[in-house]
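Undergrad: Have a look; sequence and predicted model below, questions after that.
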Amino acid sequence: MTAIDSLPRDHDRARLIGRVWDDGPSVVLVEQGQLFDVTAQVPTVSDVLNHSDPVALWDALPRTDHVGAVADVERLSLETARSPQGLRLLAPCDIQSVKACGVTFVRSLLERVIEERVRGNAVESRRLRAEIEAVLGAQLDGIVPGSPQAQRLKDELIARDLWSQYLEVGIGPDAEVFTKAQPMSAVGFGHLIGILPQSEWNNPEPEVVLAVSVAGDIVGATLGNDVNLRDVEGRSALLLGRAKDNNASCAIGPFIRLLDEHFTLNHVRGLEVQLEVSGRDGFHHGGASTMRAISRDVEQLVEQAMGAHHQYPDGMMLFTGTLYTPTENRGAGQGGFTHQRGDRVRIASPVLGTLINEVEHTDRIEPWRFGIGDLMRSLAGRGYLTGVNR
């Protein structure tokens, strides 16, 4: 990989917004492979996404405060992953809420049912996977959540004693929406990502992440890794917070691509996402998924998460769920895939770029200590709290 590959293949016409650490968190835009600091005009990324016309604002922002080439900053981000310091990329969101939708794809739905049935026992999952797929696989294809067809299937599965709480949110009327991470806690390109030391069955979850304005409009998209502990959630769905929200367990980036004439909501609906995992033990895994297989439209997911029933004054970043879960054996056992320390995870899309992170135990990663209060003090100290009209 060359560093510039992390940008979209058509980055010369993409409107990209992000953040870097440069004497404090700074908002940057990308143009012709270069980063420009626009914090003086827009102190937070939320200011851009919640503007009445984010594209017009992006076009009008000055390109005078040059930070450096994207390739150079990416290299620094990778080099300083274990001791973050100096100029580096941050997650491209800041004060927005970070939410996530679960079991939005049939494949992930089946995997959640398997986790629940085996109670976090990875070895038992292989046998059960074949059994459940034989019963459910064909019936779930093309089903519309909340439809009469879905209700008939639900009745049939209850009669077979195969109903699950995951099937409820997978094909029922209400989507699963949960808090993935706190504002300011997501990590970006190059940073370490965390798994709990006691977890023995876990995986990356490559996802498209929507940038949603306070008005509930999808205004951009980026990539994310909803790092998942399968053994923890498999023991009980009530342990979702422990399985999902840990130190550095949420990666987003590298940049948010604004919706415009070159990148529309229909492009988001058809996005292809690739996953590669490379381990120090020589293990290599590759796969891909497509947003075309999602069971609920992205606008429906936003409506379930945000509206008259629930507001987000600073906007929201919304993980849309994963189609892809690695399942092949790793090592001598029969437990399928799980991460090892030092795994390099590469999540990529031709029109969103590439997100790269390395796996480490949560207690070996720099603790999250820079919150919203610190951001406000940093911006005030640099004279940037003038804001921008929405």
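TA: It's in.

Undergrad: Helices along this structure, start to end?
TA: If DSSP state H is used as the criterion, the helices of the chain fall at 45-49, 54-60, 70-79, 106-118, 122-140, 148-159, 165-171, 230-235, 240-244, 265-269, 298-305, 372-381.

Undergrad: Quickly compare those and say which is most buried.
TA: Comparing the helices of the chain by mean neighbour count (mean count of other C-beta atoms under 10 Å), helix 45-49 comes out on top with a mean of 26. All C-beta atoms are positioned from the backbone trio N, CA, C, and that covers glycine.

Undergrad: who touches that one?
TA: Residues outside helix 45-49 that contact it (C-beta atoms under 8 Å, 6 or more residues apart in numbering) are 17-19, 27, 42, 54, 57-58, 92-96, 211-213, 219-220, 256, 314-315, 387-388, 390.

Undergrad: got the domain boundaries for this protein?
TA: What automatic domain parsing lists as the domains of the chain is 3-102+175-381, 107-171.

Undergrad: Worst mean pLDDT among the ones you listed?
TA: Among those, domain 107-171 carries the lowest mean pLDDT, a mean of 77.

Undergrad: For it, what is the distance to the chain centroid?
TA: Relative to its chain's centre, domain 107-171 lies at 24 Å (C-alpha atoms, centre = their mean, to the nearest Å).

Undergrad: Equivalent analysis for stretch 256-264, please.
TA: Stretch 256-264 sits 18 Å away from the centroid of its parent chain (C-alpha atoms, centre = their mean).

Undergrad: Buried ones in that stretch, by neighbour count?
TA: Within stretch 256-264, the residues that count as buried by 16 or more other C-beta atoms under 10 Å are Ile256, Arg257, Leu258, Leu259, Asp260, Phe263.

Undergrad: Can you give me every residue that contacts Asn225?
TA: Asn225 neighbours (C-beta under 8 Å, 6+ apart): Ile193, Pro204, Glu205, Pro206, Glu207, Cys250, Ala251, Ile252, Val345, Ile347, Leu355, Asn357.

Undergrad: What's the local residue count around Leu275?
TA: 22 (other C-beta atoms under 10 Å).

Undergrad: quick one: it and Leu323 touch, right?
TA: No: contact status for Leu275 versus Leu323: not in contact, 10.1 Å apart, counting by C-beta atoms under 8 Å.

Undergrad: Settle this for me: Glu328 is touching Gly336, isn't it.
TA: Yes: counting by C-beta under 8 Å, Glu328 does reach Gly336; the two are 6.7 Å apart.

Undergrad: Widest-spaced pair of the buried residues of stretch 256-264?
TA: Greatest spacing in the buried residues of stretch 256-264, by C-beta to C-beta: Ile256 and Asp260 (12.1 Å).

Undergrad: before we move on, the earlier item: tell me which entries of the contacts of Asn225 lie within strands.
TA: Among the contacts of Asn225, DSSP state E puts Ile193, Pro206, Glu207, Cys250, Ala251, Ile252, Val345, Ile347, Leu355, Asn357 in strands.

Undergrad: Centroid-nearest residue for the protein?
TA: Gly224 (2.4 Å; C-alpha atoms, centre = their mean).

Undergrad: Run through the bridge partners of it.
TA: For Gly224, the beta-bridge partners are Glu207, Ile252 (DSSP bridges).

Undergrad: what's the distance between the residue of the chain most remote from its centre and Leu153?
TA: Most distant from the centre of the chain: Ala159, at 36.2 Å, with distances by C-alpha atoms, centre = their mean. Ala159 is 11 Å from Leu153, where distance means C-beta to C-beta, to the nearest Å.

Undergrad: do Val351 as well
TA: 35 Å.

Undergrad: got it, and Glu133?
TA: 15 Å.

Undergrad: now do Ile195
TA: On the measure of C-beta to C-beta, Ile195 and Leu153 end up 34 Å apart.

Undergrad: try Asp141
TA: Taken as C-beta to C-beta, the span from Asp141 to Leu153 is 11 Å.
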